[in-house]
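>>> Test case, fold it:
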Amino acid sequence: MGKNTFCLIIIGLFMSGCALSNAPVTGRTQLILIDEAHENALGLSESEAILKNANVSSDKVLTEKIGKIGKNIVAVSEDAQKYEWSFYLLEDDTVNAFALPGGKVFFYTGILKFMDNDDQIATVMGHEIAHVLAHHGAERMSQQMLSNAGAQILSLALKIPAEYQNLYSTAYGAASNVGMILPFSRKHESEADTIGIYLMYKAGYNPNESVKFWQKMAAASSGSSPEFLSTHPSDIKRINDIKEYIKTLK
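All right, here's what the predicted structure looks like:
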């Protein structure tokens, strides 16, 4: 596919408006250029690759607890019913959890050390489920497609000589990453907090425990990157935003 053809396809999709959707709970307008079937297939493929090399926990009690909390949260969301959800616990000291498109959620045993109760597990579970429901993975890929198209369009407009194309691409990529991709990543993280807290609350978990969990995580973190170069909001901003949102729950 030539540069001009690729750019015209992206522009056509954008102008048609057919790729616009709204995130659950927040209602934020999204531009998604990847169809859901493709998005889910990518998630399934990636989860299968992870499970081939991962050390899946043999702790049945913890695994069942993670799965039960996940199912409880999924049950309160109509948007979640169309996915085939799977919840995995991996033996790994990494303090992390993540979700893949289509409903594959992974928890590391390392993050459980920072959780005192089911409500705090539900905090992270709701957050990860929210990423899936809001199609954040597909939105990120769509942003990258637009960024690539923008680079090509600008290159054509500026008539960048062939010998300078690599230098131009590097400079454009750095500016785009800081100016567009990372800010949207922070927006996704904040949005996942909001959606996740709404879902955990609706499922009967105490949202105030989410504040305690993130405070604990903030106290344990060190050497973090400046917020403007991070995919996550700062600890203080995240905690304050969560506190304010909890006030709106009824």
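
>>> mind checking which helix or strand of the chain has the lowest mean pLDDT?
Lowest on mean pLDDT, DSSP states H and E among the helices and strands of the chain sits helix 165-176, with a mean of 44.

>>> residues contacting the residue positioned nearest the centre of the chain?
Against the mean C-alpha coordinate of the chain, by Cα atoms, centre = their mean, the closest residue is H131 at 4.2 Å. H131 makes contact with A99, G137, H188, A192 under the criterion Cβ atoms under 8 Å, 6 or more residues apart in numbering. From N, CA and C alone the C-beta is placed, and that goes for glycine too.

>>> Would you mind checking those for buried ones?
A99, G137, H188, A192 (16 or more other Cβ atoms under 10 Å).

>>> Including distance to M217, could these go into CSV?
CSV is the format used below for those (distance: Cβ to Cβ, whole Å):
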residue, distance to M217
A99, 18
G137, 23
H188, 18
A192, 15
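
>>> low-scoring stretches of this structure, by residue?
1-19, 143, 145-184, 222-233 (pLDDT under 70).

>>> can you pull out the helices in it?
3-16, 36-53, 60-75, 109-112, 118-133, 136-158, 165-176, 182-202, 208-220, 235-246 (DSSP state H).

>>> Who are the packing partners of the last one?
In terms of contacts (3 or more Cβ pairs under 8 Å, 6 or more residues apart in numbering; DSSP states H and E), helix 235-246 is packed against helix 182-202, helix 208-220.

>>> in it, what's buried?
Quick answer for helix 235-246 (16+ other Cβ under 10 Å): D235, R238, I239, I242, Y245, I246.

>>> Same list (the helices and strands packed on helix 235-246) but as TSV, adding distance to N53.
Output for the helices and strands packed on helix 235-246, formatted as TSV (distance: least, Cβ to Cβ, whole Å):
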stretch	distance to N53
helix 182-202	26
helix 208-220	27
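
>>> Mean neighbour count, these: which tops it?
helix 182-202 (a mean of 21; mean count of other Cβ atoms under 10 Å).

>>> List the contacts of that one.
Residues contacting helix 182-202 (Cβ under 8 Å, 6+ apart): 23-26, 28, 73, 76-77, 119, 122-131, 133-134, 136, 139-140, 143, 207, 210, 227-233, 238, 241-242, 245-246, 249.
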